[in-house]
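> Structural data only, the sequence is not supplied:
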C-alpha cells in the first residue's frame, strides 16, 4: 500500500524563516503598543476571512504589540493555507496581507496499471494530496518518490514517475502523475554457495522465490521481494538446524540486476558447520515438584541429531503445561552446550514459573453486533478461577469456530497492584454473517443447475442460524427452510429444524415425465459430550410420492404397484460425530469420524439406513498431505417390506469412485436408469501436492488418487470381486469464482458394461 503521510520537513522551516525575518524587521522598526481600532485582511481568494480571524491572538479593543504580531504570523503559517503572510500597521489598524497556496483541482494518473487507482487516490489524500486540498510541492515530490519505491517493491525497476503541475484559473492546479511502468524484472538465477551436505537444487527447492516457470504468471514468485528472501533464508536455516547443523549461518546475500533492469540474480553464501548429536537433556529450575510430568513432554531425543524444532516444541509444551497450573508468565529456555571436538551437544532446559495467577475478569471487546453471551458461552476459562492456558486456547478456538468473526485474540493483562491477578480480554473483529446470493453450477453429469439462497448465521447477533435455499439440477430440485439454535439449552444442546420439498428422478432416465416428490420436516438435537464429540438425535415426517407413468423405471413402477404411489414415514435419527481436522475446506492433519442411523419406525415404510464415515489426514511433509476416506452405507427393510427404493445409496463419480460415471454404480434398471442400491462402500486415498511454483498455497493443489468401491442391492452379498477401482490425478482450486475440482484417470478394475468417464469436473460460481 502506498504511504506518503510523512510530515513535510520544509514547511516548518519555511515558516520559521519567514517569522524570523518578520521578527528581525519588527526589532528594526519596533511598534509601540497601541489599542486596536480595526483589523483588515487582504489577499483572500477562496479562504473564508473567519479562518484568518480565528488564528489571530488579538481582537479589536486589545492592546497590540510585536509579540502578538509574531504569534499571529506563526499561527497563520501553521494553517498550511498560505504561501506568504505579512502584517502591516496603519495607525491603529492592523492589516494582514496573505498570499494563498494554490488548491489542487484534480489528481490524475496516466499509464497506471500495477496499482489500484482508487486505493492510490485514497492514500494520496491521506497524505495531503487530493482534490480541494492546498498544493504543497514538497509533499508532491515526496509522493512521487514513494510511488517509485512502491514500483521497486514489485520488481518494476525500470518504472518512471513524472509529476506535472498545471496551473488553472482561480489559483488552482492540476496534478498529473505520468507512469512508465515497463515490464517486471524476473529472477533469472538463484545460486547457493558453500553447501556441501545438501545439494544446491534441494535448498533452492525449499525457497518460495523461484526462477520464471509455467505458473509464475499466477504466483508471481519470480518477482524479487526482500521480505520473501528473508523468509526463504529462515526456511533454509530451519532446514539445517533441524538436521543437526547447530552452527549453520548465512554468510551473505547478493542481489544483482541486469543493465536492462529485466533480470535479477540472487547469490546466497552459507556456512554449514558440523552436525551435532544430542547426548542428553537436563532439567534445571523449579518444576513444581512435577519433573517426571515435564520430562514426558520433552521432544528432544538423546542419540539423535539436534533438531531446533524439537527444542522449540519442548519449551512451548513446558510453557503450556505451566499455564495449565496457573503460571501464566513462566519462562523456559533451552540452552545448548556444544562440544565441537566430538560433535556433541547437551541441552539444558531451565524453567522459572514465576508466580501463579488467577483470572479476575473476562471482557469481550469489538463485538458491535454479536451479543456478549454468544462469545462467553464458548469460554471454558471462568472468572475468579486459576489461570489455565489450555482452557484459554480452547476457548479462543471455540469462539473462532463460530464463524462470526474475522479475527479472534485473547490478551492477558496484569492487574495493577495485584500481582496474582490477570484480566482476559477477548478481542473480536465482526464480519458479515448474512448471505444473499444467486448462483449456478455446472458438472459433467448434472449439467447446468441454478441456486438461490438467503442465509444468516448470526441472526440479530444471537448466534442462531436461519436460511432458505432453492436448488435445481437436471435430476433433482429442492426448496429447504432451515433454522439452528446452537444453544437451545444452557448446557449447549443444539436444535435444528428443517422444512423441505424435494423432487428427483433416477439419473440416466430416458424422459422426465415422472418424478419422486418428497415434502417433509425434521427436528434434530445435538448434545456435546466433549470438545470434539457430539451426539445427534431427532425425528422427521415425510411423504414420498412416485408421480407419472411414462418412461418410469421398472423398479419404481413395481414398487408403486406393490405398495402404492404414496408412502408416509416418521424416521428417527441418531448419530455421533468427532471432528479433529485442522480445516474443513483444505485439511492437512487430523481425523473426522461420523456415524448416522436413520430408523423408519413408524408409517407406511419400515427400514434402517446407516452410514459410517472415517477420514484421516497425514502430513507427510510441510507440503505433502495424504488423505484417506472410507465410507460404508447399509440399508435394510424391516418387517415384510424391502428397503425403500427412494432411500437408495448411489456411487460413482466425484465424491465416490472417480472415472466411473456419476451415480452409475450399482443396480441398472432395464430402462437404463441408475437406481443405486441398499449398500455402498467407498475407499479413497489422495496425495495432495502444491502446484509447482505456487509455494505452499493450499487453495490450489494437485492430487493423485486411488478409489475403490461399489453399490449393491438389498439381499445381494458385498463381494470383493464386485469392487471397482480407479486411479488418476486431479486439481483442486478454491478459485475467486467458486470451488473447482476436476480429475482425470483410468479404471483399474471394471466390467465391460460400466460407464467410464475419464475426465470429470464440477464448478460452482456466485454472481
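Yes, it's here. These figures come from a predicted structure and were not determined experimentally.
> Quick check: chain neighbours aside, which residue is closest to the residue in the chain sticking out farthest from the centre?
Within the chain, the residue lying farthest from the chain centre (Cα atoms, centre = their mean) is residue 91, at 71.4 Å. Residue nearest to residue 91 in three dimensions, not counting chain neighbours: residue 37, with 7.6 Å by Cβ to Cβ, 6 or more residues apart in numbering. The C-beta positions use only the backbone N, C-alpha and C, and glycine is treated the same way.
> how about the strands in the stretch 351-500 of the chain?
Along the stretch 351-500 of the chain, counting by DSSP state E, counting those that start in this stretch, strands occupy 358-365, 385-386, 405-415, 418-430, 434-443, 447-456, 465-472, 476-485, 494-504.
> buried ones in the fourth one?
By that I understand strand 418-430. 421, 422, 423, 424, 426, 428, 430 (16 or more other Cβ atoms under 10 Å).
> list the buried ones in the helix or strand harbouring residue 162?
Assigned by DSSP states H and E, residue 162 belongs to strand 160-168. Residues residue 161 are the ones in strand 160-168 that count as buried (16+ other Cβ under 10 Å).
> what pairs with that strand, and is each one parallel or antiparallel?
strand 172-180 (antiparallel) (DSSP bridges).
> got the contact list for whichever helix or strand comes after the strand it pairs with?
The helix or strand immediately downstream of strand 172-180 is strand 186-193, counting by DSSP H and E. Here strand 186-193 makes contact (Cβ atoms under 8 Å, 6 or more residues apart in numbering) with 155, 200, 203-204, 207, 209-212, 216, 222-224, 236, 258, 262-270.
> before we move on, back to that, give me the residues contacting the strand holding residue 162.
Contacts to strand 160-168, defined as Cβ under 8 Å, 6+ apart, come from residues 102, 105, 135, 137, 140-141, 143-144, 147-148, 151, 173-180.
> Over to stretch 640-651?
Contact with stretch 640-651 is made by 507, 516, 518, 544, 546, 555-556, 559, 563, 567, 569, 600, 605-607, 609, 633, 635-637, 656-657, 660, 663, 665-666, 674-680, 682, 709-711, 714, as judged by Cβ under 8 Å, 6+ apart.
> Buried residues of it, list them for me.
For stretch 640-651, burial by neighbour count (16+ other Cβ under 10 Å) applies to 641, 642, 643, 644, 645, 646, 647, 648, 649, 650, 651.
> State the three-state secondary structure for residue 530.
Assigned by DSSP: H, G, I helix; E, B strand; the rest coil, the conformation of residue 530 is coil.
> Could you pull up the contacting residues of it?
With contact set as Cβ under 8 Å, 6+ apart, residue 530 has no partners.
> Also residue 546?
Contacts of residue 546 (Cβ under 8 Å, 6+ apart): 514, 516, 552, 556, 559, 560, 565, 646.
> Each with direction, which strands does the helix or strand hosting it pair with?
Using DSSP H and E, residue 546 sits in strand 533-547. Note on strand 533-547: by DSSP bridges, its sheet partners are strand 515-528 (antiparallel), strand 566-579 (antiparallel).
> Next, the angle strand 494-504 makes with it.
Here the directions of strand 533-547 and strand 494-504 differ by 30 degrees (axes from the mean of the first three to the mean of the last three Cα atoms, to 10 degrees).
> for strand 533-547, the distance to its chain's centre please.
How far strand 533-547 lies from its chain's middle: 35 Å, per Cα atoms, centre = their mean, to the nearest Å.
> And it, what's buried?
By 16+ other Cβ under 10 Å, the buried positions in strand 533-547 come out as 534, 536, 538, 539, 540, 542, 544, 545, 546.
> re the thing from before, list phi and psi for the residue nearest to residue 91.
Main-chain dihedrals, residue 37, degrees, to the nearest 10: phi -100, psi -20.
> go on, the one 4 residues further on?
In terms of degrees, to the nearest 10, the main-chain angles of residue 41 are phi -120, psi 130.
> got the contact list for it?
For residue 41, the contact set (Cβ under 8 Å, 6+ apart) comprises 49, 52, 53, 95, 96, 98.
> Try it again at 7 Å.
49, 52, 96, 98 (Cβ atoms under 7 Å, 6 or more residues apart in numbering).
> How about the secondary structure of the last one?
At residue 98 the chain is in strand, as set by three-state DSSP.
> Repeat that for the second one.
Under the three-state scheme (three-state DSSP), residue 52 adopts helix.
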